[in-house]
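> Fold the following, please.
(chains A and B)
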Amino acid sequence: AQKVTQAQTEISVVEKEDVTLDCVYETRDTTYYLFWYKQPPSGELVFLIRRNSFDEQNEISGRYSWNFQKSTSSFNFTITASQVVDSAVYFCALSEADTGGFKTIFGAGTRLFVKA
Amino acid sequence: GAGVSQSPSNKVTEKGKDVELRCDPISGHTALYWYRQSLGQGLEFLIYFQGNSAPDKSGLPSDRFSAERTGGSVSTLTIQRTQQEDSAVYLCASSDQPSEQYFGPGTRLTVT
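Below you'll find the model as predicted:
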């Protein structure tokens, strides 16, 4: 069964601090996809990144970086030099290839507050 | 181009009434998803449609919930005999493949 755990309910940082959001997943499938989405205060979810299980390369996009480690079933998200605009709820998600890759299970989300 | 749209944006209904929530996906997207987000909570998967395949209804919480997708495009989520615990934001998303999903703004349902 699919499961995504985001143990951090809320994180509060001061602007310019680095912050890491943790995501641990469970799956029995060998082929799966991992995602991060951002939900700003306006409410509409925005896609940030997708990773498939065959690609363990870490990725960097501007101030955002992602660390995928199959050995620990983790897909952590780091924001470097955080900004107030990064304040949002961030969701990690998982879909499995044996369900066609479509059924997506989301974690409970981590609410990030970035204070000026 | 147009994104995912949902209507109504807000719906207040009395306990026991039926409601219909509508989702217009991005044109050409073969997959359509419904989720429920209760206040301050994560996203709960309800159902997804993919092409002509039978929908995956495994997330529907009870038989009061049903959904259909007509012509491979617009989808309607129906909740019969609404209960107060059905109050939540109902989110629709669409995708072209098992990739990133594009979300609509949601319908906030309040059952009084």
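
> going forward, measure contacts between C-alpha atoms and count neighbours the same way
Noted.

> just checking, B:Asp18 touches B:Thr78?
Yes: counting by CA atoms under 8 Å, B:Asp18 does reach B:Thr78; the two are 7.2 Å apart.

> OK, contacts around B:Glu20?
Neighbouring residues of B:Glu20 by CA atoms under 8 Å, 6 or more residues apart in numbering or on different chains: B:76-79.

> secondary structure element for it?
strand B:19-24 (DSSP states H and E).

> Doesn't A:Asp98 belong to a helix?
Yes: the assignment for A:Asp98 (DSSP: H, G, I helix; E, B strand; the rest coil) places it in a helix.

> Now do the contacts for the residue lying closest to it once chain neighbours are set aside.
Sequence neighbours aside, A:Asp29 is the residue nearest to A:Asp98 in space, at 7.0 Å (criterion: CA to CA, 6 or more residues apart in numbering or on different chains). Counting by CA under 8 Å, 6+ apart, A:Asp29 makes contact with A:96-98.

> Show the pLDDT at B:Leu39.
Predicted confidence (pLDDT) for B:Leu39: 82.

> Quick check on it: phi, psi?
Dihedral pair for B:Leu39: phi -50, psi 120, per degrees, to the nearest 10.

> how many other residues sit next to it?
Neighbour count for B:Leu39, taken as other CA atoms under 10 Å in any protein chain shown: 9.

> Equivalent analysis for the one 3 residues further on, please.
B:Gly42: 20 surrounding residues under other CA under 10 Å.

> what do you get for B:Gly59?
If you count neighbours by other CA under 10 Å, B:Gly59 ends up with 16.

> you'd agree it is up against B:Leu46?
Yes: look at B:Gly59 against B:Leu46 with CA under 8 Å: they come within range, at 4.0 Å.

> so what's the residue of chain B found nearest chain A up against?
Chain B approaches chain A most closely through B:Gly42 (4.1 Å), counting by CA to the nearest CA. If a contact means CA under 8 Å, 6+ apart, then B:Gly42 has A:91, A:106-109 as its contacts.

> Averaging pLDDT per element, find the lowest-scoring helix or strand in chain A.
Of all helical and strand segments in chain A, the minimum by mean pLDDT, DSSP states H and E falls on strand A:59-61, at a mean of 87.

> same for it, what does it pack against?
Counting contacts by 3 or more CA pairs under 8 Å, 6 or more residues apart in numbering or on different chains; DSSP states H and E, strand A:59-61 is packed against strand A:64-69.

> on that earlier part again, can I get the contacts of B:Gly42 in TSV including distance to B:Gln97, neighbour count and pLDDT?
Below are these laid out as TSV (distance: CA to CA, whole Å; neighbours: other CA atoms under 10 Å in any protein chain shown; pLDDT from 0 to 100):
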residue	distance to B:Gln97	neighbour count	pLDDT
A:Phe91	20	27	97
A:Phe106	18	26	94
A:Gly107	21	24	95
A:Ala108	24	23	94
A:Gly109	24	30	96
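
> Identify the farthest-apart pair in those.
By the measure CA to CA, A:Phe106 and A:Gly109 form the most distant pair in these, at 7.8 Å.

> Kindly report the residues of chain A close to chain B.
For chain A, the residues in contact with chain B (CA under 8 Å from any CA of the partner chain) are A:35, A:43-47, A:49-50, A:91, A:100-109.
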